[in-house]
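Visitor: Here is my input; please provide its structure:
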Amino acid sequence: MLKIFSSPNFKPFSKSMFRIALPIAFSGIIMQLQMLIDTAFLARYTTSLPNGTVITGSEILSAVGNVFFPYIVTISLIWSIGTGVVILVSQHLGAGKPQGAQEYGTTALKFNTLLSWFVYLFWLVFAEKVFTILGVKEPILSVSLVYIRFVSIELLYLGLSTTINAVFQGVGNTRPEMFAGIIRSVLHVVLDYILIFGHFGFQEMGVAGAGIASSISGLISTLIMLAILLKSKSLPFKMNIKAIFLAPIRPYLKVLKLGLPSGLEEMIWNSGNLVLAYFLNIISLEAVGIYRLVYQIEITPIFFYLGLARAVTTLVGQRTGERDISSARESGLIGTFYAISFCLLFTFSFALFPRQIISIFTPDTHLIEKAAPFLVITAFTMIPRAINIISGNAIRGYGDTMWMLVTQIFGIVFIVTTAYILMFPLGFGMYGLFIAMFADETLRGIINTTRFYRGETSIFHKVAVIGDTAIETA
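Guide: As a prediction, this is how the structure comes out:
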């Protein structure tokens, strides 16, 4: 890794990387702060069901946690198909073919939106059945159903918003995503405060208010992004509503070819989280709430290097289109260096001050004491996770999304099996889950990093598909 500092590409590559990564990271951090504030609001909210049962803040967190994991499984498919858009747009632009980039972006805008509508219908019909299968029981079940009823409305525009972001990322301009993301997060927090607790003359709505706040703020953000896309003069091609409506399905099949493995990868990972949530429900209802609280804190630093990871996908994709694999690998190495640097700061903070950090989000001293040890374990998981994420996105930039699907399948089998053995037969309880997560991220980080830097004789020979012709890239 030390060789990158003497490389003539270090400074220009770093400049390009941060130009793409910083708006993504800043937008993600703002959104994460919004989610943490949302968690803090709900943790401090107490309500009663029609039958008189009192629901405390910790029980509400458990309800939201039980919604979060199955919901993420379904919407991760929509999110990840955007990976195919990023790859195709960046590779076509690298090859000097902006018209091809425009074609793939347009068709994805149309058909990803239709896909998200079908996912909305799924939740509209099968929500109660999904939660029942997962073992969610009353009174948590009723609260979970109220929350999903309102938060799932965002699926009506989610396909559109994720595709717009993917087009801009493929071009290398992520500032519109940051701008719209800030507006969404600020609006979400304001609406949370008003609708959850019933301020300024509005009715107190609790978890329903949290769901409505999420859907309304997301819709406004999406409309802003659409306006920017249609009016933007910074794109190397022109987008318009008529072209979106008339877009044929054939180019979308190529988007799916690259995006579906990423979508399936995300779905498999989040399906594994469902199994883990089921394990936690066996331990106690409180365990799911503790896990969600730690998870929400844990993913805050991820946004620092997730921007870098997405920048690596774009830059590797563009250099693949240019048929410059040496520079593509160098982009991945530089991204890994910066990701590790970011993670070290958070690792020390989480390990040294777990109770102080958790107390920011909940006043429940019992919950703080329960969650603190798990945040410490999580602190040491961050660096291998960062390496895994950067390497994985670099591999996707080459156009090889199948490899990541295969390693994800392996990872889910590994973590579910290891977690079960540690949690139950060996009696480690929740500690077993967090230990298994550390082992999984470390193992897959090693595998994926090795694959990216040494796998050129197999997958890196033909990795980019431009139009109907495979381009030789090594």
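
Visitor: Select the helix or strand of the chain having the lowest average pLDDT value.
Guide: Within the chain, judged by mean pLDDT, DSSP states H and E, the helix or strand with the poorest mean is strand 469-472; its value is a mean of 36.

Visitor: mean confidence for whichever strand or helix holds Phe122?
Guide: Secondary structure assignment for Phe122, by DSSP states H and E: helix 98-133. Here helix 98-133 scores 90 as its mean pLDDT.

Visitor: before we move on, what about stretch 416-431?
Guide: What stretch 416-431 shows for mean pLDDT is 94.

Visitor: Measure how far it is from the centre of its chain, please.
Guide: 26 Å (C-alpha atoms, centre = their mean, to the nearest Å).

Visitor: which residues of the stretch 151-300 of the chain fall in helices?
Guide: In the stretch 151-300 of the chain, the helices defined using DSSP state H, counting those that start in this stretch lie at 155-171, 175-197, 207-231, 241-245, 250-283, 285-321.

Visitor: which one of those lies closest to Pro363?
Guide: Evaluated with C-beta to C-beta, these place helix 285-321 nearest to Pro363, the distance being 12.5 Å. All C-beta spots, glycine's among them, are computed from the backbone N, C-alpha and C.

Visitor: where in the chain is pLDDT low?
Guide: The model of the chain has pLDDT under 70 over residues 1-5, 32, 47-58, 455-474.

Visitor: ok now do Met205, which residues does it touch?
Guide: Leu195, Ile196, Gly198, Ile212 (C-beta atoms under 8 Å, 6 or more residues apart in numbering).

Visitor: Which one (most neighbours) among those?
Guide: Among the contacts of Met205, Ile196 has the most neighbours (other C-beta atoms under 10 Å), with 26 neighbours.

Visitor: Name the nearest residue to that residue, ignoring sequence neighbours.
Guide: Nearest non-adjacent residue to Ile196, counting by C-beta to C-beta, 6 or more residues apart in numbering: Gly209, 4.4 Å away.

Visitor: What's the local residue count around the one you found?
Guide: Residues near Gly209, counting by other C-beta under 10 Å, number 25.

Visitor: Over to Glu322?
Guide: For Glu322, the tally of surrounding residues (other C-beta under 10 Å) stands at 18.

Visitor: which phi and psi does Asn240 have?
Guide: Its backbone dihedrals place Asn240 at phi -150, psi 160, with angles given as degrees, to the nearest 10.

Visitor: quick one: buried residues of stretch 214-228?
Guide: Within stretch 214-228, the residues that count as buried by 16 or more other C-beta atoms under 10 Å are Ser214, Ser215, Ile216, Ser217, Gly218, Leu219, Ser221, Thr222, Ile224, Met225, Leu226, Ile228.

Visitor: give the contact list for the residue nearest to the last one when sequence neighbours are not counted.
Guide: Spelled out, that is Ile228. Counting by C-beta to C-beta, 6+ apart, Ile228 lies nearest to Pro176, which is 4.6 Å off, once chain neighbours are set aside. Contacts for Pro176 (C-beta under 8 Å, 6+ apart) come out as Phe168, Met225, Ile228, Leu229, Ser232.

Visitor: now do 7 Å
Guide: Each residue near Pro176 by C-beta atoms under 7 Å, 6 or more residues apart in numbering is listed here: Phe168, Met225, Ile228.

Visitor: Helices of the stretch 351-474 of the chain, start to end?
Guide: 354-359, 365-379, 382-398, 402-423, 430-454.

Visitor: do you know which of these lies nearest Ser152?
Guide: The closest of the helices of the stretch 351-474 of the chain to Ser152 is helix 402-423. By C-beta to C-beta, the value is 24.7 Å.

Visitor: Show me what that closest one is packed against.
Guide: When contacts are defined as 3 or more C-beta pairs under 7 Å, 6 or more residues apart in numbering; DSSP states H and E, helix 402-423 sits against helix 250-283, helix 382-398, helix 430-454.

Visitor: wait, which of those helices is closest to Thr163?
Guide: Nearest of the helices and strands packed on helix 402-423 (C-beta to C-beta): helix 250-283, 9.2 Å.

Visitor: Pull out the buried positions in the closest one.
Guide: Under the neighbour-count criterion of 16+ other C-beta under 10 Å, helix 250-283 has 251-252, 254-256, 258-281, 283 buried.

Visitor: And for stretch 307-327?
Guide: Neighbour-count burial for stretch 307-327, with 16+ other C-beta under 10 Å as criterion, is recorded at 307-322, 325, 327.

Visitor: now stretch 81-96
Guide: 81-95.

Visitor: List the contacts of it.
Guide: By C-beta under 7 Å, 6+ apart, the list of residues contacting stretch 81-96 reads 98, 100-101, 104-105, 108, 112, 162-163, 165-167, 169-171, 236, 254-256, 258-260, 262-263, 313-314, 317-322, 396-397, 399, 401, 464, 466.

Visitor: try it again with 6 Å
Guide: Applying C-beta atoms under 6 Å, 6 or more residues apart in numbering, the contact partners of stretch 81-96 are 100-101, 104-105, 108, 112, 162-163, 166, 169-170, 255, 258-259, 262-263, 313-314, 317-318, 320-322, 396, 399, 464, 466.

Visitor: I'd say Ala251 and Gln102 touch.
Guide: Not Ala; residue 251 is Pro. No - using C-beta atoms under 6 Å, Pro251 makes no contact with Gln102, being 10.1 Å away.

Visitor: of the buried residues of stretch 214-228, closest to Val186?
Guide: Nearest to Val186 among the buried residues of stretch 214-228 is Ser217, at 8.3 Å by C-beta to C-beta.

Visitor: Tell me how far that closest one lies from Arg184.
Guide: 5 Å (C-beta to C-beta, to the nearest Å).

Visitor: re the thing from before, can you check which of the helices and strands packed on helix 402-423 gets nearest to Glu138?
Guide: Here helix 250-283 is closest among the helices and strands packed on helix 402-423 (C-beta to C-beta), at 13.3 Å.

Visitor: just the angle between that closest one and helix 98-133, please?
Guide: 30 degrees (axes from the mean of the first three to the mean of the last three C-alpha atoms, to 10 degrees).

Visitor: quick one, phi/psi of Leu246?
Guide: Leu246 adopts backbone torsions of phi -90, psi 0, taken as degrees, to the nearest 10.

Visitor: give me the number of residues near it?
Guide: With other C-beta under 10 Å as criterion, Leu246 counts 11.

Visitor: sorry, back to before: turn the buried residues of stretch 214-228 into a markdown table, including distance to Leu42.
Guide: What follows is those, written out as a markdown table (distance: C-beta to C-beta, whole Å):
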| residue | distance to Leu42 |
| --- | --- |
| Ser214 | 12 |
| Ser215 | 16 |
| Ile216 | 17 |
| Ser217 | 16 |
| Gly218 | 18 |
| Leu219 | 21 |
| Ser221 | 21 |
| Thr222 | 24 |
| Ile224 | 27 |
| Met225 | 27 |
| Leu226 | 30 |
| Ile228 | 32 |
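
Visitor: between these, which is nearest Arg44?
Guide: Ranked by distance to Arg44 (C-beta to C-beta), the buried residues of stretch 214-228 are led by Ser214 at 17.9 Å.

Visitor: Wait, the closest one touches Val151, no?
Guide: Yes - at 5.1 Å, Ser214 counts as touching Val151 under the criterion of C-beta under 6 Å.

Visitor: Excluding residues flanking it in the chain, which one is nearest Val143?
Guide: Nearest non-adjacent residue to Val143, counting by C-beta to C-beta, 6+ apart: Ala63, 3.8 Å away.
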